[in-house]
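S.K.: structure for the following, please:
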Amino acid sequence: MQSIYERIEHLIAERGMTKKAFCQQLKISTGNLGDWKRGKSTPSTNKLIEIAAFFDVSLDWLMIGRPSKEAMVREKREDYFFDVLRQLNCQESELTTEEQSFISEYIEFTRYRKSKESRNTQDFRYEKERKTEEDESL
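M.R.: As a prediction, the model looks like this:
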């Protein structure tokens with residue numbers, strides 16, 4: 001039976017990534033990855049969710065190796081709060097306009113922060129490449 005680490009390692013190889021690049025992208029220390037390999041620890045639930053989303057695999061498969069069934073119900077990528085039901089199923093009453101506005105603002109803020117982090121990473125890479133090119137030309 002494969003371990004969680006072996007399935008993660010398989011996904012890394014399948015994507016053609018290095019383990020170092022994987023760790024950098026998901027903000028995992030190489031020490032933690034080594035601990036997972038040796039069985040000293042396992043990824044946290046939040047990290048498992050991030051890894052599954054990153055590789056677009058199910059948590060079932062990542063955690064226990066259960067194959068994904070195409071017939072399984074999948075979430076739609078649409079707003080939960082403003083669809084036909086206009087609320088989450090677990091709520092007793094409809095969201096107020098103020099609550100909807102707050103959620104919309106939070107979603108936009110999260111998108112902004114994510115795009116800003118992405119730009120900062122790209123800027124850092126560009127700056128590093130530029131310095132390398134300058135050093136090589138000297």
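S.K.: just the strands from this protein, written as ranges.
M.R.: Applying DSSP state E to the chain gives no strands.
S.K.: okay, now the unreliable bits of it?
M.R.: Within the chain, the set of residues satisfying pLDDT under 70 comprises 1, 68-93, 120-138.
S.K.: quick one, helices of it?
M.R.: Remark: helices assigned in the chain by DSSP state H are 4-15, 19-25, 30-38, 45-55, 59-64, 97-137.
S.K.: and the angle from the fourth one to helix 30-38?
M.R.: When you say that, I think you mean helix 45-55. Note on geometry: by axes from the mean of the first three to the mean of the last three Cα atoms, to 10 degrees, helix 45-55 and helix 30-38 are set 90 degrees apart in direction.
S.K.: buried stuff in helix 45-55?
M.R.: By neighbour count, and taking 16 or more other Cβ atoms under 10 Å as the criterion, the buried residues in helix 45-55 are Leu48, Glu50, Ile51, Ala52, Phe55. Every C-beta, even on glycine, is put in place using the N, C-alpha and C of the backbone.
S.K.: is it possible to get TSV of those residues that adds distance to Ser41?
M.R.: Formatted as TSV, the buried residues of helix 45-55 follow (distance: Cβ to Cβ, whole Å):
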residue	distance to Ser41
Leu48	12
Glu50	16
Ile51	14
Ala52	18
Phe55	20
